[in-house]
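A.B. asks: sequence-free structure coming up:
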DNA sequence: GCCGTATTGTTCACCACTCGAATTAAATCG
DNA sequence: CGATTTAATTCGAGTGGTGAACAATACGGC
């Protein structure tokens, strides 16, 4: 059994193997010498371990790199063919299944409708996954990451509640693992986005960042010191349901004036169609948010004003997160990023006015789709690359 | 050099030594067999390492413990004489210097006035510390923990700003280390309280807790997954300056309606004396908060009402922390805990009304003095016991 | 072209350290 | 008083990192 119960159950070699493999993934291409410097291990040790990793086909050796003087380094890459990850992104109307390589690049994906009843959905999903795997028999799939728009009890790996789906206490892990034989990681969508941003992409070195997902509701994924903040029950990140105004409109959660009542897509729609500042829960909208974005792009002043107002409210919550958590970076994810020229300055202005200390950078990170899919990949990778999230 | 760069620079043995020493501190008294079970190490390895630790006088062997069947275990204790910690708790008017054992028990302490100018203060403090050490020449002092009521840049180990003190960008570490030759750890007071609660006391197993310190202002210390949430700059935890009402009274930070404007000691005083709900910044009070507490205890209905109102506002912020961070425990620290029979239910009621998910336990943890001192001890111990914070 | 220098990567003997199994020690129970 | 159970120690074996020497490049100056 274990020597170093860092990730209990690992031997010393396992720890270092994970360390090096994780570093190769995060910093590729990278030379053995650099690995030795960055890990603090001896070059000899690094050589041994990388030799093993190449033998197991986890790593490939590429062309020689550049060096000012001396022998040129031989660069190491992650072998993207060695491990594939299945990602399942569950959304209220549509669920996306994707297969990706360990760099987070999506190779293929398909969509399926999200059934209303969780039982039906799980059965359908398992069938689709099995068909997907049969259709790609040569792929070595090492993990499945599942993201859901709701609270996940991470210890028990169960979906606790997803208001937008109307589901409560659903076991997604066991049935999928049984149907596919591949380990499943379940996570809240905003948390998955945060992990994805810290694992791949432009912000992989950020160790303190907050992701704000904006769509029907608002979710937050918090990474502090390179680790996800999950809270005791795994239900942290519900800042969307912090009240900005006690006397505000009713929210789907039953209370009043929640941040997401003011700053969600639906709120902007409501501001546009009814001139109201916030949307009463449950009222249907004639226009879609996409259409609103298009109108703003086409020069509709009232649409732009609605989006600008949404940015103002987003800024309020972002100011709260910035003052309370002091991240180095706040990422906004959602359809609304399409209108960043309008929304971005509005957020910036609103948040600046409400924050005493200098604000962190506030950056748009695409509509949710890609971020969530990359999140599922990061999740599926965790088993292979340790805690991932930088090394 | 290192094999396992967990805390870079440590060998395998060092890691396990730290692991076991930390576990003995946290779970003492404990048998070797229990250590083996809890670490996953072999009993033989544990025996070897504990033998070393006993030889180095870090650990002592006490009486035999109880067991239902079989040989009775020989219990191990931390040798409280081996390492002492100096704690320095800097407050606006008075600074406390204490010497404590690694269990957080204060052996002796003394107070000194806090000079207005940081330069003067540091000189005075260094003299006092040197005298303190000369007066106790036989104590092995392994670390100095310093807590300040302000933001600390943990990477640079500098006090960034302390509004209550009027200090900005002060180096407390280097001068004290130079004067005493003992390593110094600097930390924000609320963070130190959080570390103390997770290290000592009744809540040492809590891995997700939030400490709310209530005095002139409101500070929060967040521990998530057993680790302190510091934020990128080390300035996380400023939830006291999140605005509850945009149109609220001015706060010392320059913005309006901050949580601490409504829920600090001064706010309760103002509610009592002026009938106002919040205190305008900078206005002096005739009554002290202690006197207000005494009046409430003596049956003054208006005093009780002021405190109850303070609890109501405390509950609002606590609801925000509970929803956003989902800790298993929220600890309230400050003089206000003296009036817990009044304030506690008021907080509970207010927070419950503003939170959809079930609230974590909300517990009073004494006025700040003891908590902050134990926080300084926990800080000073970090060098010796690794990251501390549970094992 | 050749040699000094700088840097990468490999080989190998040594040894620290953990494991695992056997053994000793101590306590309770029938 | 022996059987059983749990605690702690002893010791041989093997894993695996270290460190130093060495091999392999590459470049620049002469």
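C.D. replies: Cool, got the structure. None of these values were measured; they are calculated from a predicted model.
A.B. asks: need the longest helix for chain A.
C.D. replies: helix A:301-325 (DSSP state H).
A.B. asks: ok, it near chain B or not?
C.D. replies: Yes. Interface with chain B: helix A:301-325 contributes A:319, A:320, A:323, A:324, A:325 (C-beta under 8 Å from any C-beta of the partner chain). Glycine gets a C-beta too; all of them are placed from N, C-alpha and C.
A.B. asks: and what of stretch A:251-266?
C.D. replies: Yes. Counting by C-beta under 8 Å from any C-beta, chain B has neighbours in stretch A:251-266: A:253, A:254, A:255.
A.B. asks: For PyMOL, write the select line for the buried members of the residues you listed.
C.D. replies: Applying 16 or more other C-beta atoms under 10 Å in any protein chain shown to the residues of stretch A:251-266 next to chain B, the buried members can be selected in PyMOL as follows:
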select buried, chain A and resi 253+255
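A.B. asks: pLDDT and secondary structure added to the residues of stretch A:251-266 next to chain B, as JSON lines?
C.D. replies: JSON lines is the format used below for the residues of stretch A:251-266 next to chain B (pLDDT from 0 to 100; DSSP: H, G, I helix; E, B strand; the rest coil):
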{"residue": "A:253", "pLDDT": "85", "secondary structure": "coil"}
{"residue": "A:254", "pLDDT": "85", "secondary structure": "coil"}
{"residue": "A:255", "pLDDT": "89", "secondary structure": "coil"}
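A.B. asks: The helix or strand following the longest helix of chain A pairs with which strands, parallel or anti?
C.D. replies: Downstream of helix A:301-325, the first helix or strand assigned by DSSP states H and E is strand A:329-334. Each strand paired with strand A:329-334, and its direction, by DSSP bridges: strand A:209-214 (parallel), strand A:361-364 (parallel).
A.B. asks: following the last one, which helix or strand shows up next?
C.D. replies: Using DSSP H and E, the helix or strand that directly follows strand A:361-364 along the chain is helix A:368-385.
A.B. asks: quick one: average pLDDT of that next one?
C.D. replies: Averaged over helix A:368-385, pLDDT sits at 83.
A.B. asks: near chain B, anything from it?
C.D. replies: No. Using C-beta under 8 Å from any C-beta, helix A:368-385 stays clear of chain B, coming no nearer than 14.6 Å.
A.B. asks: Which strands or helices does that helix pack on?
C.D. replies: helix A:12-27, strand A:84-90, strand A:94-100, strand A:106-113, strand A:141-148, strand A:184-188, helix A:189-199, strand A:329-334 (3 or more C-beta pairs under 8 Å, 6 or more residues apart in numbering or on different chains; DSSP states H and E).
A.B. asks: Off-centre distance for that helix?
C.D. replies: The chain centroid and the centroid of helix A:368-385 are separated by 7 Å under C-alpha atoms, centre = their mean, to the nearest Å.
A.B. asks: okay, the angle between it and helix A:189-199?
C.D. replies: Following axes from the mean of the first three to the mean of the last three C-alpha atoms, to 10 degrees, one obtains 70 degrees for the angle between helix A:368-385 and helix A:189-199.
A.B. asks: Residue B:335: which of the residues of stretch A:251-266 next to chain B is nearest?
C.D. replies: residue A:255 (30.8 Å; C-beta to C-beta).
A.B. asks: For residue A:88, which non-adjacent residue is closest in space?
C.D. replies: residue A:146 (4.5 Å; C-beta to C-beta, 6 or more residues apart in numbering or on different chains).
A.B. asks: Distance check, the nearest residue to residue A:79 once chain neighbours are set aside against chain B.
C.D. replies: In space, and not counting its chain neighbours, residue A:79 is closest to residue A:60: 4.6 Å by C-beta to C-beta, 6+ apart. As defined by C-beta to the nearest C-beta, to the nearest Å, residue A:60 lies at a distance of 25 Å from chain B.
A.B. asks: What are the buried residues along stretch A:87-96?
C.D. replies: Across stretch A:87-96, burial judged by 16+ other C-beta under 10 Å covers A:87, A:88, A:89, A:90, A:91, A:95, A:96.
A.B. asks: which two in those are spaced the farthest apart?
C.D. replies: A:87 and A:91 (12.6 Å).
A.B. asks: Could you confirm residue A:222 falls within a helix?
C.D. replies: No. Assigned with DSSP: H, G, I helix; E, B strand; the rest coil, residue A:222 falls outside any helix and is strand.
A.B. asks: Could you tell me the model confidence score at the residue nearest to residue A:88?
C.D. replies: On the pLDDT scale, residue A:146 gets 95.
A.B. asks: What count of nearby residues applies to the residue nearest to residue A:197 when sequence neighbours are not counted?
C.D. replies: Excluding the flanking residues, the one nearest residue A:197 by C-beta to C-beta, 6+ apart is residue A:203, at 5.0 Å. Other residues near residue A:203 number 21, with proximity taken as other C-beta atoms under 10 Å in any protein chain shown.
A.B. asks: Please apply the same query to residue A:130.
C.D. replies: By the criterion of other C-beta under 10 Å, residue A:130 has 12 neighbours.
A.B. asks: what's the answer for the one 4 residues further on, then?
C.D. replies: By other C-beta under 10 Å, the residues close to residue A:134 number 8.
A.B. asks: Flag every buried residue along whichever strand or helix holds it.
C.D. replies: Per DSSP H and E: residue A:134 is located in helix A:118-135. Within helix A:118-135, the residues that count as buried by 16+ other C-beta under 10 Å are A:118, A:121, A:122, A:125, A:126, A:128, A:129, A:132, A:133.
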